[in-house]
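Undergrad: quick one, fold the following:
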Amino acid sequence: MRVLLIEDTTGLGEAVRDQIRDDGHAVDWVQSLSFAEASVKATSYNLILLDLMLPDGNGFDFLKSLRKSGNSTPVIILTARDQVSDRIEGLNAGADDYLIKPFDLSELSARVGAVARRYRGDPNPLVKIGHLEIDLSEHRIRANGQAVELTAREWALFEGFVQRPGTLLSRSQLEDRLYQFGAEIESNTIEVYISRLRKKLGRDVIITVRNMGYRLETYEH
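TA: Residues are numbered from 1 along each chain as shown. Sure, this is the predicted structure:
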């Protein structure tokens, strides 16, 4: 997934960013609502992690504006405001979940995974495609019954294929899953990761469509 983190506290922002990245997701971290608004306009996100008290405004106002514009991106509020009235206001404004600071990073990972599955329309994280058995919740894969270890970025890329099996994904769509803003992208990066996935999962798992992109073989012929 591609995640937008809106958090102005440097230490917490770094910890959350690193946790979500280690879970295999691409993260863009901004520290103000003005940058958040610009990011949402420029990029399609799968999830937004939203602090409420920011230097240039209130996260509730950002959330209400987001929903009013028709943007249905899932939002998890991260805040120290622990009153029941605050939680009710957040949920009524369109939040999907509410996590009180301080929180355990593993709980955040679990909440992120739950929201992501709900919006994929996939409450069951277990997927079987051909000889692959995939647990989207635990980030585990078995190929022909044997466990396969993927790096965080390999998983981030492969998850994009699993979410849209048989769908052609362009190079730019795949790059979006790997990198946050400002990261340097080598010209052959996608080819390198596709090659690694084929070595681990099978040479015919990901099909190249010349000059267009790649797709996950669904074996439904």
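
Undergrad: how far off centre is stretch 41-55?
TA: 12 Å (Cα atoms, centre = their mean, to the nearest Å).

Undergrad: cool, stretch 103-114 as well?
TA: The answer for stretch 103-114 is 13 Å, by Cα atoms, centre = their mean.

Undergrad: go through that stretch and flag the buried ones.
TA: Neighbour-count burial for stretch 103-114 flags 108-109, 111-114 (criterion: 16 or more other Cβ atoms under 10 Å). No exception for glycine: its C-beta is placed from N, CA and C like everyone else's.

Undergrad: repeat for stretch 16-24
TA: 16-17, 19-21, 23-24.

Undergrad: centre of the chain versus that stretch, how much separation?
TA: For stretch 16-24 - counting by Cα atoms, centre = their mean - the centre lies 10 Å from the chain centre.

Undergrad: same thing with stretch 53-69?
TA: 21 Å.

Undergrad: please apply the same query to stretch 88-96.
TA: 21 Å.

Undergrad: identify the residues contacting that stretch?
TA: 50, 52, 60, 63-64, 66-67, 74-77, 79, 98, 115, 118 (Cβ atoms under 8 Å, 6 or more residues apart in numbering).

Undergrad: before we move on, what about stretch 160-171?
TA: 120, 127, 129, 134, 136, 173-174, 177, 190, 206, 209, 212-218, 220.

Undergrad: what does stretch 6-14 give?
TA: 5, 16, 29-33, 36, 48-51, 53-55, 59, 62, 78, 101.

Undergrad: which of those count as buried?
TA: Buried among the contacts of stretch 6-14 by 16+ other Cβ under 10 Å: 5, 16, 29-31, 33, 36, 48-51, 54, 59, 62, 78.

Undergrad: what's the closest of these to residue 146?
TA: Of all those, residue 16 has the smallest distance to residue 146: 33.7 Å, by Cβ to Cβ.

Undergrad: ok, now which ones touch that closest one?
TA: 5, 7, 49, 78, 105, 108.

Undergrad: how near is it to residue 72?
TA: 22 Å (Cβ to Cβ, to the nearest Å).

Undergrad: which residue ranges form the helices in the protein?
TA: Counting by DSSP state H, the chain has helices at residues 10-22, 33-42, 59-68, 84-93, 105-120, 152-163, 171-178, 189-201.

Undergrad: in TSV, list those helices along with distance to residue 1 and mean pLDDT.
TA: TSV is the format used below for the helices of the chain (distance: least, Cβ to Cβ, whole Å; pLDDT from 0 to 100):
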stretch	distance to residue 1	mean pLDDT
helix 10-22	9	92
helix 33-42	15	93
helix 59-68	17	92
helix 84-93	21	84
helix 105-120	6	81
helix 152-163	7	84
helix 171-178	8	81
helix 189-201	16	93
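
Undergrad: quick one: those as a markdown table, columns for distance to residue 142 too.
TA: As requested, those are exported to a markdown table (distance: least, Cβ to Cβ, whole Å):
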| stretch | distance to residue 142 |
| --- | --- |
| helix 10-22 | 22 |
| helix 33-42 | 36 |
| helix 59-68 | 39 |
| helix 84-93 | 38 |
| helix 105-120 | 19 |
| helix 152-163 | 13 |
| helix 171-178 | 22 |
| helix 189-201 | 10 |
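
Undergrad: for residue 143, find the nearest of those.
TA: helix 189-201 (5.4 Å).
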